[in-house]
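> Attaching a predicted model along with its sequence, questions to come.
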Amino acid sequence: MTWGIVWGLATGLGYALGVLALAPLVDGAMRRVTARLQARQGPPLAQGYWDLLKLLGKEDIEVGVSPVMQRVAVGMGWASVVAVATLVPPGVRPGWGVAGDGILLMYLLVLAGVGTLLAGLAAGSTYSLVGISREMMSLLLLEPLLAMALAMRAVQEGSLRLEVLFGPPGLLGAGPVSGLLLLGVLLAALPALVQRAPFDTTEAETELMDGPMGEYSGPKLALLRWVRMVKLVVYSGLLVMVFAPPPAGWSTAGALLWYWGWVAVLILGVTLVAATHARYRIDQALRRFGIWLGLATIALLLATQGY
């Protein structure tokens with residue numbers, strides 16, 4: 001094993017550990033901002049850590065129809081999101097992602113959604129089954145949006161390698177019309193991709209009792225909630241790296257500031273939308289997903305024509 005591979009593995013693992021550690025803090029900040037917008041005091045910034053630690057320390061009570069599948073599904077979802085985190089560099093050179101490509105990245109993104117589906121199926125309750133039916137429809141309509149962004153970048157650069165897809169000038173620099181159109185679509189879809197209000201129809205606490213997560217408690221519930229926190233940070237970073245990565249020639253410090261600055265802006269946008277909009281009905285959400293998929297297809301066709 002060469003030192004290059006060892007270094008790549010080490011940096012990729014470092015990215016993942018950083019995102020895992022940061023995600024609960026981001027969740028706490030979002031809850032604090034939401035509370036202030038609603039004239040409430042809100043929880044402390046570290047509340048996300050306390051919630052996870054409390055659940056991890058509880059007894060793991062298994063009440064689903066297939067406890068083995070529940071364990072596999074939770075582990076699959078968590079491992080998939082962590083693997084994606086190792087592939088999306090925080091504004092700097094990819095870690096072990098230099099050996100990966102866009103197809104691997106999409107496979108892992110879909111696998112994370114499949115983990116949620118299996119978790120709900122293994123729970124077996126009526127609420128979880130309704131939740132996974134909604135999750136399935138969202139998966140079919142939303143995941144192609146990210147695939148189209150990676151495909152458009154691959155068409156422009158003629159490569160599927162991640163170090164090329166995440167390199168400058170990004171979609172905005174290489175194809176202004178198609179890039180702007182797809183950026184608008186993905187900015188509108190980001191709350192849905194990370195399952196935040198007003199598109200949290202899968203869990204819908206007031207009507208579905210947490211949907212696929214309704215039958216989970218203790219460590220498994222902690223991991224499911226951790227996955228949701230990590231997805232927000234990873235998906236925001238993915239959009240930054242595909243559309244507007246740090247310009248070439250910037251120092252590492254400057255690239256990190258660029259990356260985390262735009263990630264913070266995206267997360268703040270998701271927070272503001274969630275705090276100011278009531279949850280959509282499932283038919284309203286699906287109508288929007290269909291419109292976004294149509295617009296993204298048009299953007300991809302424009303990109304193939306060089307626009």
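Great, that's in hand.

> which residues does the spatially closest residue to residue 199 that is not a sequence neighbour contact?
Excluding the flanking residues, the one nearest residue 199 by Cβ to Cβ, 6 or more residues apart in numbering is residue 192, at 3.7 Å. All C-beta spots, glycine's among them, are computed from the backbone N, C-alpha and C. Residue 192 is in contact with 138, 142, 199, 285, 288-289, counting by Cβ atoms under 8 Å, 6 or more residues apart in numbering.

> Buried ones only from those residues, please, as a PyMOL command.
Buried residues among those (16 or more other Cβ atoms under 10 Å), as a PyMOL selection:
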select buried, resi 138+142+199+285+288+289
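
> Mind putting the contacts of residue 192 into TSV with secondary structure?
Listed next are the contacts of residue 192 as TSV, based on DSSP: H, G, I helix; E, B strand; the rest coil:
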residue	secondary structure
138	helix
142	helix
199	coil
285	helix
288	helix
289	helix
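
> residues near residue 135, how many?
Other residues near residue 135 number 23, with proximity taken as other Cβ atoms under 10 Å.

> Sorry, slip of the keys, the one I care about is residue 294.
11.

> Go through the helix or strand where it lies and flag the buried ones.
Per DSSP states H and E: residue 294 is located in helix 282-304. The neighbour-count check on helix 282-304 (16+ other Cβ under 10 Å) flags 282, 285-286, 288-289, 292-293, 295-296, 299-300, 302-303 as buried.

> can you put these in JSON lines and add distance to residue 131?
Shown next, in JSON lines, are these (distance: Cβ to Cβ, whole Å):
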{"residue": "282", "distance to residue 131": "11"}
{"residue": "285", "distance to residue 131": "13"}
{"residue": "286", "distance to residue 131": "15"}
{"residue": "288", "distance to residue 131": "19"}
{"residue": "289", "distance to residue 131": "16"}
{"residue": "292", "distance to residue 131": "21"}
{"residue": "293", "distance to residue 131": "22"}
{"residue": "295", "distance to residue 131": "27"}
{"residue": "296", "distance to residue 131": "25"}
{"residue": "299", "distance to residue 131": "31"}
{"residue": "300", "distance to residue 131": "30"}
{"residue": "302", "distance to residue 131": "36"}
{"residue": "303", "distance to residue 131": "35"}
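
> Now do the same contact list for residue 187.
Counted by Cβ under 8 Å, 6+ apart, residue 187 has contacts 239, 266, 269.

> Contact partners for the last one?
Shown in contact with residue 269 (Cβ under 8 Å, 6+ apart): 187, 190.

> what about it, distance to residue 276?
Distance, residue 269 to residue 276, using Cβ to Cβ, to the nearest Å: 11 Å.

> Leaving aside the residues adjacent along the chain, what's closest to residue 49?
Excluding the flanking residues, the one nearest residue 49 by Cβ to Cβ, 6+ apart is residue 24, at 4.7 Å.

> pretty sure that neighbour is touching residue 48, no?
Yes. Counting by Cβ atoms under 8 Å, residue 24 touches residue 48, with 3.2 Å between them.

> Residue 30 versus the residue lying closest to residue 32 once chain neighbours are set aside, what's the distance?
Excluding its sequence neighbours, the residue lying closest to residue 32 (Cβ to Cβ, 6+ apart) is residue 42, at 4.4 Å. From residue 42 over to residue 30 the distance is 10 Å, taken as Cβ to Cβ.

> The two: which is more packed in?
Neighbour tally, residue 42 and residue 30, criterion other Cβ under 10 Å: the higher count belongs to residue 30, 22 against 17.

> List the contacts of the more buried one.
Applying Cβ under 8 Å, 6+ apart, the residues near residue 30 are 267, 270-271, 274.

> In which helix or strand does it reside?
Judged by DSSP H and E, residue 30 forms part of helix 3-37.

> Buried residues, that helix. List them.
8, 11-12, 15-16, 19-20, 22-34.

> Now render the contacts of residue 187 as CSV, adding distance to residue 106 and pLDDT.
As requested, those are exported to CSV (distance: Cβ to Cβ, whole Å; pLDDT from 0 to 100):
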residue, distance to residue 106, pLDDT
239, 15, 93
266, 20, 96
269, 24, 95
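
> now stretch 168-179: mean pLDDT?
For stretch 168-179, mean pLDDT is 77.

> ok, and what's touching it?
Stretch 168-179 is contacted from outside by 149, 152-153, 156-157, 180, 182-183, 241-248, 299-300, 302-303, 306-307, using Cβ under 8 Å, 6+ apart.

> what element comes up after the one helix or strand in the chain whose mean pLDDT sits lowest heading to the C-terminus?
When each helix and strand of the chain is scored by mean pLDDT, DSSP states H and E, helix 205-208 comes last, with a mean of 60. Scanning forward in sequence from helix 205-208 by DSSP H and E, the next helix or strand is helix 218-243.

> got the angle for the next helix or strand after that next one vs helix 218-243?
Downstream of helix 218-243, the next assigned helix or strand under DSSP H and E is helix 252-276. Counting by axes from the mean of the first three to the mean of the last three Cα atoms, to 10 degrees, helix 252-276 lies at 120 degrees to helix 218-243.
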